[in-house]
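one predicted model, sequence on top.
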Amino acid sequence: MSNPRNARRGASSERGYIAVMFCLLLSGLVLFAGFAVDVGGWYAQASRIQRAADAAALAGVVYMPDLTQATTAARATATRNGFTHGGDIVVTVAAVSGNTHQLKVSIEDKKVQQYFSRIAINNPKIARASTSEYVLPVPLGSPTNTLGNQSNLDTQNLWASISGPGTDKNNGDPYSTKCGAGQTSSGSPPTCTGNTGASGEYRTTGYLYSIEVPPAGVNQTLTVQVWDAGNYERLSYANIENADQGDVNTSFELFKPTLTPLDSTTYTDSTYSLNTKCVTGTGRWIIANEANLLTYKNKFVTLCTVVVPAAGTYHLQVKSSAIPGVTDSGNGWNQFSLKATLTGATQPALFGYGDLSLFNNLQGQFGNLTANFYLAQIGQQYAGKSLTVSLFDPGDGASGTYFVNILKPGSVTTACSYGIRDATPVAANPCRIQTRTSTGTNTYNGKWLDITLTIPTTYTCSTDCWWKVRYEFNSVTLGNSPNDRTVWTAEITGDPVHLVSAS
């Protein structure tokens, strides 16, 4: 027979064992729970750091390649997001090797908050980084320090151009004209009449041209000149000089580089105007129609010379509306050319910014003709992306059959899809688009022709990264040499300011 005392003693031992095991298990559970609390906090902190790094990188990149300004802006943004550089918080801002349009921001918390994990981990750190990039509009129209013909004997075949605000939009300028397609104007300011309504794309800011001065140009003298700056009407439209027509008042004004090369709204801020601040030249001209003929017609005249304090991009604004002291008027178009020179061996780049307004003509020619024009400089960093080319009112003429071709560097053909804006696009390989039919129809008169091209993932370029427009003029009759008043744009598809990587 069992002893009751022994039974009670055994039960007591089991209860003691269970109690010990429970305490041990409870301690483990508490420790794991504590770790879970800390790990959850670390994940939340890592997310906050990543968001702050993303915001800081996006805020700072617009100041590149000025790393000092970029660092100031990035750290200020990190502070607004709860992470001030100093002590246990380190905000590192760095340029990206080989790409002046990228910026990397790293944020490290060197002493994250702990509760229960101190037993196993001492002073954990959390670091996150973000790399951002901005994509400026691609250079348009010229691979050199000049844009447009330099005389009536030049073979470049195009002139920079701007129309008066009372010009019919069908003549090829959607931005400088108040009048819609098919409208005419009268009076000052112009009153547009017709049945198609005012131009919805009209703007008072005209056109911008960039003058990019490299580091080799620092402390040298930059000279900006304009050929045939005023509007002086010629008798012949197609074959004489640059074929100015009608009335146009024109303003030229040069602006020094801004602190934010991405923000185009600052480019023409009065703070940066070189009006009255040039070593020679006035920095701004306001030339009334047919005014100062002996001063400007058929010659280069210096708008401004200035000593370059630092590398950067100067901007030249040309406009025919909202000119100080001048009432909007004019229903013609003024052609001109630009040149920028430095006193040293290295010369600046000069190109259209955002869009290029031009007039091209092949003087006194007929038969079957071709003409190549520089469209856009597309660097190899855009491999795998899409390029959108838009041509307004392209390929009009008085006789013959016309085609527009888009060519890769080296004048290599490529495939594309194209169509009138908002219409269903059509595929073409090669990218050869008829703009004038044998029956005399100008297909894109007063319309945008949108062309989409895929840049191959294998795309590379070195000394020549320029894509071109090739015009074909077939069966042109004597006395009807080709000419075209048009506006071109080219852009890489996507948000110009974006994150490249986050980690």
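Great, that's in hand. No experiment lies behind these values; they were computed from the predicted model shown.

use CA for all of it now, contacts and neighbours both
Will do.

and the residue lying closest to T92 once chain neighbours are set aside, what does it touch?
Excluding the flanking residues, the one nearest T92 by Cα to Cα, 6 or more residues apart in numbering is S106, at 5.0 Å. Residues touching S106, when contacts are defined by Cα atoms under 8 Å, 6 or more residues apart in numbering, comprise A53, V90, V91, T92, V93, A127, R128, A129, S130.

ok but the third one is inside a strand, no?
Translated: V91. Yes. Assessed with DSSP: H, G, I helix; E, B strand; the rest coil, V91 lies in a strand.

OK, contacts around it?
Going by Cα under 8 Å, 6+ apart, V91 touches R75, A78, F83, T84, H85, V105, S106, I107, E108.

most neighbours among those residues, which one is it?
Within those, neighbour counts (other Cα atoms under 10 Å) peak at V105, which reaches 29 neighbours.

in JSON lines: the contacts of S106, plus pLDDT and distance to P190.
Output for these, formatted as JSON lines (pLDDT from 0 to 100; distance: Cα to Cα, whole Å):
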{"residue": "A53", "pLDDT": "94", "distance to P190": "52"}
{"residue": "V90", "pLDDT": "94", "distance to P190": "60"}
{"residue": "V91", "pLDDT": "96", "distance to P190": "56"}
{"residue": "T92", "pLDDT": "95", "distance to P190": "56"}
{"residue": "V93", "pLDDT": "96", "distance to P190": "52"}
{"residue": "A127", "pLDDT": "90", "distance to P190": "61"}
{"residue": "R128", "pLDDT": "92", "distance to P190": "58"}
{"residue": "A129", "pLDDT": "94", "distance to P190": "55"}
{"residue": "S130", "pLDDT": "93", "distance to P190": "52"}
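
which residue sits closest to the residue nearest the centre of the chain, ignoring its sequence neighbours?
Residue closest to the average C-alpha location in the chain (Cα atoms, centre = their mean): P137, at 1.7 Å. Excluding the flanking residues, the one nearest P137 by Cα to Cα, 6+ apart is G354, at 5.5 Å.

what of N483?
N361 (4.0 Å).

that older thread, so the residue nearest to T92 bridges to which residues?
T92, A129 (DSSP bridges).

ok now stretch 424-432, how far from the chain's centre?
Its chain's C-alpha centre and that of stretch 424-432 lie 25 Å apart, by Cα atoms, centre = their mean, to the nearest Å.

ditto for stretch 436-456
23 Å.

list the contacts of that stretch.
169-172, 181, 382-403, 415-421, 434-435.

list only buried entries from those.
Buried by 16 or more other Cα atoms under 10 Å: 169-172, 181, 382-383, 386-403, 415-420, 434-435, out of the contacts of stretch 436-456.

and the residues you listed, which of them are in helices?
Members of those lying in helices (criterion: DSSP state H): none.

quick check: N157 touching G364?
No. Applying Cα atoms under 8 Å as the test, N157 and G364 come out as separate, 11.9 Å apart.

more neighbours: which of these two?
Neighbour count, other Cα under 10 Å: between N157 and G364, N157 has more, with 19 against 13.

list the contacts for the more buried one?
G148, N149, N360, N361, L362, A371, F373.

and for A490?
Contacts of A490 by Cα under 8 Å, 6+ apart are P137, V138, L140, G354, D355, L375, A376, L387, T388, V389, S390.

from these, which is closest to I211?
Taking Cα to Cα as the measure, I211 lies nearest L140 of these, at 11.8 Å.

kindly state the beta-bridge partners for the closest one.
Beta-bridge partners, per DSSP bridges, of L140: G352, A376.

just give the number of residues close to the residue nearest to P137.
G354: 19 neighbours (other Cα under 10 Å).

quick one: it from A383, how far?
G354 sits at a distance of 20 Å from A383 (criterion: Cα to Cα, to the nearest Å).

next: N372.
For N372, the distance to A383 - Cα to Cα - is 24 Å.

which parts of the stretch 151-300 of the chain are helices?
293-296 (DSSP state H, counting those that start in this stretch).

what do you get for the stretch 301-450 of the chain?
Counting by DSSP H, counting those that start in this stretch, the stretch 301-450 of the chain contains no helices.

show me the shaky parts of it.
Along the stretch 301-450 of the chain, no part satisfies pLDDT under 70.

same thing but at 80, please
361-365, 397-398 (pLDDT under 80).

try the stretch 1-150 of the chain
1-42, 98, 112-124, 149-150.

and with 50 instead?
Low-confidence segments of the stretch 1-150 of the chain (pLDDT under 50): 22, 26.

now the helices for it?
Going by DSSP H, counting those that start in this stretch, the stretch 1-150 of the chain shows helices at 4-61, 67-80.

which strands and helices sit next to the shortest one?
Under the contact criterion of 3 or more Cα pairs under 8 Å, 6 or more residues apart in numbering; DSSP states H and E, the helices and strands touching helix 67-80 comprise helix 4-61, strand 89-96.

residues in contact with that helix?
Contacts for helix 67-80 (Cα under 8 Å, 6+ apart): 52-53, 55-64, 84-85, 91, 93-95, 105, 259.

tell me how the protein divides into domains.
As assigned by automatic domain parsing, the chain contains the domains 31-134, 137-361, 362-503.

burial-wise, tell me which of the ones you listed comes out on top.
Highest mean neighbour count among these (mean count of other Cα atoms under 10 Å): domain 137-361, with a mean of 20.

quick one, strands of the stretch 151-300 of the chain?
With DSSP state E, counting those that start in this stretch as the criterion, the stretch 151-300 of the chain has strands at 158-163, 184-186, 191-193, 207-213, 221-227, 250-255, 284-287, 300-307.

what's V61 in contact with, if anything?
Contact analysis of V61 by Cα under 8 Å, 6+ apart lists A70, H101, Q102, L103, S132, E133, Y134.

at 6 Å instead, please
L103 (Cα atoms under 6 Å, 6 or more residues apart in numbering).
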